[in-house]
Each structure stands twice: as C-alpha cells, then as structure tokens.
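>>> one predicted model, sequence on top.
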Amino acid sequence: MTTLTELVDIYGRQSADKASQDPQYIAICKANDANTLFHYERLRVEKMRRLLEKALDIQETRQSQLKSALKIFEWRLAPDNNQEDEIVRLLVRAAWYPQWTAKQQTYFDMTVDTLRDGIDYFLSFTQRNSVGGKNPVNSFHRYLIESFGIDPGNSEKNELASALDRSLRGSRYKFEGFFFPMHEDDSIEVTKKLRDAMERALVFIQIVQNDMFNKRFKPDENYCFDEFRMAADQRKKTIYLFADGDHPAHMIPHGETAPRFEDWYDLIQKTDCVALARTLAYPLESPNLVANQDLLNKKVIDKVWSFREALWNDSPADL
C-alpha cells in the first residue's frame, strides 16, 4: 500500500478531525516525520476530506450528496490539480458511496468515467463546395470568422467550422472537443476515429449546409451523414447550426435532396436550428455580427455547458 493510498484509507473511514487521532495515522506520521513529500500528500488528502465534508454532510438527501460529489470531482479535474480528482473519487467511495442506492452508485461511477475520459463536443461539418474555388461559407460569414482571429481569405476549407471550434475551446468553460478538418486517411481508419470520438463526446454539434444533402454529390461519400447516424444511434445531445441563411426557408428544395438523406433532411427542417445570419458586407451588416456572436454564446456555448451540468443535476433520486 502506497503512502497516498494509506492516507486516503485513513481519511475515508472517518472525519478529518477523527483521522488525526487514529493510531494508524499517528504511526504513519511518525514514520515519515522528515519526509516533506509525505506531509504534502497528507495535507492534500485532508484538504479534500474537509472540502467534501463541508459540501456533502449538510445535504438533506443522498441525491443531493451525489450531485455535490460529482460537482467537486468535476472541479478538481483541472490538469494542474495533480490527481486531486482521484483523491476525491476514492474518498467519496469510502465515506458516502456505501449509503447510496445501487442506482446512485452506478451513476456516480459512470459519470466519473464520462467526466474524466470524455470530451464535450463532436463538431460535424462539410467541406463540400458545389461552386468550386473559394468556399462560399467563408464569404457569407467572413466577419464572424474574422472575429475569432481567422482570416478566411481564399480558403477552400470550411473556416466557419474552425471559428466555431475556436470559440468553444476559447470560451470561459474551456471545452475540449473533436474537430477533424480532413478525412483523407483510409476510410476504415477514418470511420473508426469518428466512432471512437463520438462515443466519448457529450454533445453532437453539426453545422448544416445545403451541400450536405445535394443529390449532385455522390450519396455514398458523406461523412456528415455518417456522423449524424452515429450520433442518433448513440442518442447524443444535439445542437444544429444552419449556415446558409434563414432556417428553414433557405434549405435546399426537397426534390434536390438525395433520397438516402431524406429522413436526415426532414429532421433538420423540423428542428429548431441556430440560424446564423450572413456577415458578408461590413459594416453594412454589422448588426448581424453582434447577433451571431450572441447566438453562439447563448445557443451553442452555454448550451453545451448546460448539457455538462446535467451530468450531476440529473443524479438519481433516493427511491
């Protein structure tokens, strides 16, 4: 048993105040009296125990204890907290977890894995360009893209997607997500990479453009559709952004949609999409720039955070 494990064991079975009187604690402190690393670890474990006591012991239900435990675990996940998330997990399992229902215990374990190993979002978008040359989406949303420090210039890539990814990562929540601009590898390897990322993602975000559905493209080569189906199969939380004007008025006519994509098209048409107004001519359309930035903050960034908050807010009741 390592020193850290032994300390967690001592603090896990009793309050922080009682731990200091425990014979095992006294003995281990005496044996490591000159060990500065030991005292650093001892203070860390005691700090986490007192933090948990303060937050969990005042709760009136086991459900609220579970919520608080998950919130503290998420808080201590920051990279510079040096394994404090694991200390929190072990202390919770030792001290409060045994009194929870089986459903609550399972939820805690699963949510800890999601928070620790998952990512916040999977960003789906298309590089399709039916007109060729410079990607029109970069012209339509030029000043929105530039507001995130990206010069769309004559890029053939979807720089709106780059801007959205940057806005999510640079937000106050510092989200982590999957952004895969190029799909040029072997298709089997690409599909595996997409599926693995989708399984880890909390939210599926798709930038919708009419070229995604257009029957003039080969219908069997559409990663956006594949990603949409993966997200549906895994019942992901979803956010859809429509980048081609007003939604649903400016969607491609149904007759121009490839038959394979009709169900996908119909769902997007009926869904409450975040519609981004064009910021093509500045300053003539500058109000659109402000409106779009506000939409991204409220309907995308804050929405992703609300889905993350639901991981602890939706903790099972004490039934």
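Right, received. Where do you want to start?
>>> so what's Gly149 up against?
Counting by Cβ atoms under 8 Å, 6 or more residues apart in numbering, Gly149 touches Arg166. To be clear about C-beta, it is placed using only N, CA and C from the backbone, and glycine gets the same treatment.
>>> list the backbone torsions phi and psi for it.
Main-chain torsions, Gly149, degrees, to the nearest 10: phi 80, psi 20.
>>> quick check: the gap between Arg128 and Asp9.
From Arg128 across to Asp9, the span is 57 Å (Cβ to Cβ, to the nearest Å).
>>> tell me which of the two has more neighbours.
Remark: of Arg128 and Asp9, Arg128 carries more neighbours, 19 against 15, as counted by other Cβ atoms under 10 Å.
>>> surely the more buried one meets Phe213?
No - under the criterion of Cβ atoms under 8 Å, Arg128 is not in contact with Phe213, lying 9.9 Å apart.
>>> for this protein, give me the ranges with low pLDDT.
For the chain, residues meeting the criterion pLDDT under 70 lie at 1-2, 81, 182-186, 281-286.
>>> run the chain-centre distance for whichever strand in it runs longest.
Taking DSSP state E as the criterion, the chain has its longest strand at strand 201-208. With Cα atoms, centre = their mean, to the nearest Å as the basis, strand 201-208 stands 10 Å off its chain's centre.
>>> which SSE is immediately downstream of it?
Next helix or strand after strand 201-208 toward the C-terminus (DSSP states H and E): helix 223-233.
>>> tell me how this structure divides into domains.
Using automatic domain parsing, the domain ranges for the chain come out as 3-117, 119-310.
>>> out of these, which is closest to Asp318?
domain 3-117 (5.0 Å; Cβ to Cβ).
>>> tell me what the longest strand of the chain is packed against?
Helices and strands touching strand 201-208, by 3 or more Cβ pairs under 8 Å, 6 or more residues apart in numbering; DSSP states H and E, are strand 119-124, helix 159-169, strand 177-179, helix 223-233, strand 237-242, helix 302-313.
>>> would you mind finding the most buried of these?
Stretch with highest mean neighbour count among the helices and strands packed on strand 201-208: strand 119-124 (a mean of 24; mean count of other Cβ atoms under 10 Å).
>>> each with direction, which strands does it pair with?
Strand pairing for strand 119-124, using DSSP bridges, gives strand 177-179 (parallel), strand 201-208 (parallel).
>>> now the last one against strand 237-242, angle please.
Relative orientation of strand 201-208 and strand 237-242, computed by axes from the mean of the first three to the mean of the last three Cα atoms, to 10 degrees: 20 degrees.
>>> OK, contacts around the residue nearest to the spatial centre of the chain?
Central residue of the chain (Cα atoms, centre = their mean): Asp120, 1.0 Å from the mean position. Contacts for Asp120 (Cβ under 8 Å, 6+ apart) come out as Leu168, Tyr173, Phe175, Glu176, Gly177, Ala201, Leu202, Val203, Val304, Arg308.
>>> out of the residues you listed, who's nearest Pro23?
Among the contacts of Asp120, and counting by Cβ to Cβ, the member closest to Pro23 is Arg308, at 42.8 Å.
>>> burial of His254, as a residue count?
For His254, the neighbour count with other Cβ under 10 Å is 11.
>>> ok, the one 4 residues further on next?
As a burial measure, Ala258 scores 19 neighbours (other Cβ under 10 Å).
>>> what of Leu319?
With other Cβ under 10 Å as criterion, Leu319 counts 7.
>>> looking at it, it is touching Thr101, isn't it?
Yes - if you go by Cβ under 8 Å, Leu319 and Thr101 touch, sitting 7.4 Å apart.
>>> which residues are in contact with the longest strand of the chain?
In contact with strand 201-208 (Cβ under 8 Å, 6+ apart) are residues 114, 118-126, 158, 160-161, 164, 177-178, 198, 224, 227-228, 231, 236-244, 268, 273, 300, 303-304, 307-308, 311.
>>> change it to 7 Å
118-125, 160-161, 164, 178, 224, 228, 231, 236-243, 268, 273, 300, 304, 307-308 (Cβ atoms under 7 Å, 6 or more residues apart in numbering).
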